[in-house]
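>>> Everything below, folded, please.
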Amino acid sequence: MIMAHDIRTLFEELGLIDTGEVVGDSDPLFDSGLLDSIGLIDVLSAIEARYGVRIDPDDLNESTVGSLDAIASYLQSRYAPAQLQ
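You can find the predicted model right below:
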């Protein structure tokens, strides 16, 4: 099961969050400046590559990519657990 800490690790690997930086799982990523449209493309590409899933652009909105929790919840609800291994 993918969790917010998995998404945090991905953000750290992409250089969007510094290791040890205090970012709450439900903190708004866009309003806080941690994520912009270019960063979102990087995140989505990394998720697709890591988990072998295809994210539908029609699914992208504040409730699906607005926080670390939102991204994890979206992936859990959209894809079977076996797909997210």
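
>>> Quick check: I2 vs D31, distance?
23 Å (CB to CB, to the nearest Å). Just so you know, the C-beta spots here come from the backbone N, C-alpha and C atoms, and that holds for glycine as well.

>>> So for those two, which sits in the more crowded spot?
Legend: neighbour count by other CB atoms under 10 Å for I2 and D31, higher for I2 (21 against 11).

>>> residues contacting the more buried one?
Y51, A72, L75, Q76, L84 (CB atoms under 8 Å, 6 or more residues apart in numbering).

>>> where are the low-confidence patches of this protein?
Applying pLDDT under 70 to the chain picks out residues 80-85.

>>> Can you tell me the centre-most residue of it?
Centroid-nearest residue in the chain, with CA atoms, centre = their mean: I71, separated by 4.3 Å.

>>> buried ones in the helix or strand that contains it?
For I71, the host element (DSSP states H and E) is helix 68-78. By 16 or more other CB atoms under 10 Å, the buried positions in helix 68-78 come out as L68, A70, I71, A72, S73, Y74, L75.

>>> And stretch 31-38, by the same measure?
Residues L34, L35 are the ones in stretch 31-38 that count as buried (16+ other CB under 10 Å).

>>> Now for the closest residue to E13 other than its chain neighbours: which residues touch it?
Once flanking residues are discounted, E13 sits nearest to A46: 7.4 Å by CB to CB, 6 or more residues apart in numbering. Contacts for A46 (CB under 8 Å, 6+ apart) come out as L10, E13, L14.

>>> Keep only those of those that are in helices.
L10, E13 (DSSP state H).

>>> out of the contacts of A46, which is most surrounded?
L10 (20 neighbours).

>>> Just confirm that residue contacts A49, I think it does.
No: using CB atoms under 8 Å, L10 is not in contact with A49; the gap is 10.1 Å.

>>> Name the single longest helix found in this structure.
In the chain, with assignment by DSSP H, the single longest helix is helix 37-51.

>>> what's downstream of that helix, the next helix or strand?
For helix 37-51, the succeeding helix or strand toward the C-terminus, using DSSP H and E, is helix 62-65.

>>> For stretch 66-84, which outside residues touch it?
Here stretch 66-84 makes contact (CB under 8 Å, 6+ apart) with 1-4, 6-8, 11, 23, 25-30, 43, 47, 51-53, 55, 59, 62-65.
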